[in-house]
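[1] Below are the sequence and a predicted model; questions follow.
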Amino acid sequence: MLLCLVALAGCAARGMVAMAPEATPGTVERIVYVGTTRMADAGRLFANTRSEELDFDAFTVSIPPNRAPGEIAYPKGQPDPGRQFLMRSARLFDHPSAFTAALARDIAARPRGKRAAVVFVHGFNTNFAEGLYRSAQLAHDFGIEGVAVHYSWPSAASPFGYAHDRDSALFARRGFAELLEALIAARPDELLIVAHSMGGLLTMETLRHMALANPGRVAREIDGLILLSPDIDVDVFRAQVRDIDAMPQSVVVFTSQRDRALSLSARLSGQRDRLGNIRNVADVADLNVTVLDVTGFSTGMGHFTAGTSPDLFRLLRDVPTLQQAFDSGAAGRPGLLPGTVITVQNATAVILSPLTALARQ
């Protein structure tokens, strides 16, 4: 267990916000709308401490051309737009209505079919810059044509801050609910939530509270939910789904049995598995979910395979459209999902393999 903590700590550079000196040929700029319950910090823009107030912002991120899908190089020393993720501009909104108005204008200016809003909720051990850059990277690498939105909650950004982050995820529920209200008011054609790790717990708890306050609203307002390596107790997830009742039409869970971070989380909780590393789809067989098993692509800690594996990106981008494959009818059209399909009661498991990726090249 100690070795797992040391591996989580690692010696990799942490993300930091740095400005791109100028527009650089070959780079791609992506606007990311942000809601955050982090305390403002002049040196780092937003710190790891908690804020009772939700800040609304929009950042333009410069994405470098010289990288593999899923790869992020953080700023270090002299900013290098050709290799590093950098910030090009920032806009801070003084009121939620100004944020919603700007978002609504952006959505309305896009052609039909490209007016979705996709919200990314980061996970454990993540600072502000890392979550911001990851949102831009996922939107770009998956070819998301709608608006990119990020909810940045106050993670301690430390591998030894697990208990703190669990509490912060619960603390941040109200802020995420406020961000969702602002997004709903902007009237996107579709609203999709993508949550990683502990961000999945935060998301499910927020949707649970929304459903208890207004039964049926989650299904009416949220079109899809994708949980990447969710750090959620399986029984807790089942209880959350039961309380929400009417879930979004499409619910997809990415899992890996080689997820060492979730294995550690399970041990700390006295359990065998978390939702993100379940070994058998029978654990969620009575729930209307699609489980994508990406164990075959997992390397290293294996905790963010869906967002960092170049081979998996290439495989999923071959699907006619990612959203089409995630529709609730995907279980009846297994050809859309490139892998071995297993259906148990209401749940569908798709086991993805690097051999499948090679066969489709």
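    It's in.

[2] all strands for the stretch 201-350 of the chain, in order.
    224-228, 250-255, 290-293, 340-344, 347-351 (DSSP state E, counting those that start in this stretch).

[3] what angle do the last one and strand 340-344 make?
    The directions of strand 347-351 and strand 340-344 differ by 160 degrees, with axes from the mean of the first three to the mean of the last three C-alpha atoms, to 10 degrees as the criterion.

[4] what angle do strand 347-351 and strand 250-255 make?
    Interaxial angle of strand 347-351 relative to strand 250-255 (the same axes, to 10 degrees): 40 degrees.

[5] Use 854 as the first number from now on
    That works, and once the first residue is 854, the last one we named lands at strand 1200-1204.

[6] strands paired with strand 1200-1204, and their directions?
    Paired strands of strand 1200-1204, with direction, are strand 1143-1146 (parallel), strand 1193-1197 (antiparallel) (DSSP bridges).

[7] which residues are in contact with that strand?
    The contact list for strand 1200-1204, computed with C-beta atoms under 8 Å, 6 or more residues apart in numbering, reads 1134, 1137-1146, 1148-1149, 1183-1184, 1187, 1190, 1192-1196. The C-beta positions use only the backbone N, C-alpha and C, and glycine is treated the same way.

[8] Export it to PDB, keeping only CA atoms.
    The C-alpha trace of strand 1200-1204 is given here as PDB (Å, rounded to 0.1, in the frame of the first residue of the first chain):
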ATOM      1  CA  ALA A1200     -26.600  -3.700 -18.000                       C
ATOM      2  CA  THR A1201     -24.300  -4.000 -21.000                       C
ATOM      3  CA  ALA A1202     -20.500  -4.600 -20.700                       C
ATOM      4  CA  VAL A1203     -18.200  -3.900 -23.600                       C
ATOM      5  CA  ILE A1204     -14.700  -5.300 -23.300                       C
END
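
[9] Give me the phi and psi for the closest residue to residue 974 other than its chain neighbours.
    Nearest residue to residue 974 in three dimensions, chain neighbours excluded: residue 1052, at 3.6 Å (C-beta to C-beta, 6 or more residues apart in numbering). With angles defined as degrees, to the nearest 10, residue 1052 sits at phi -60, psi -20.

[10] Distance of residue 1052 relative to residue 1149?
    Using C-beta to C-beta, to the nearest Å, residue 1052 is found at 24 Å from residue 1149.

[11] try residue 999
    Separation of residue 999 from residue 1149 (C-beta to C-beta): 30 Å.

[12] One more: residue 1013?
    Going from residue 1013 to residue 1149 by C-beta to C-beta gives 31 Å.

[13] With residue 981 instead?
    Using C-beta to C-beta, one gets 33 Å for the distance from residue 981 to residue 1149.

[14] what lines up beside the longest strand along the chain in the sheet?
    When the chain is parsed with DSSP state E, its longest strand is strand 898-916. The pairing partners recorded for strand 898-916 under DSSP bridges are strand 881-894 (antiparallel), strand 939-946 (antiparallel).

[15] most packed of the ones you listed?
    Most buried of the strands paired with strand 898-916 by mean neighbour count (mean count of other C-beta atoms under 10 Å) is strand 881-894; its value is a mean of 20.

[16] Nice, that's everything, thank you.
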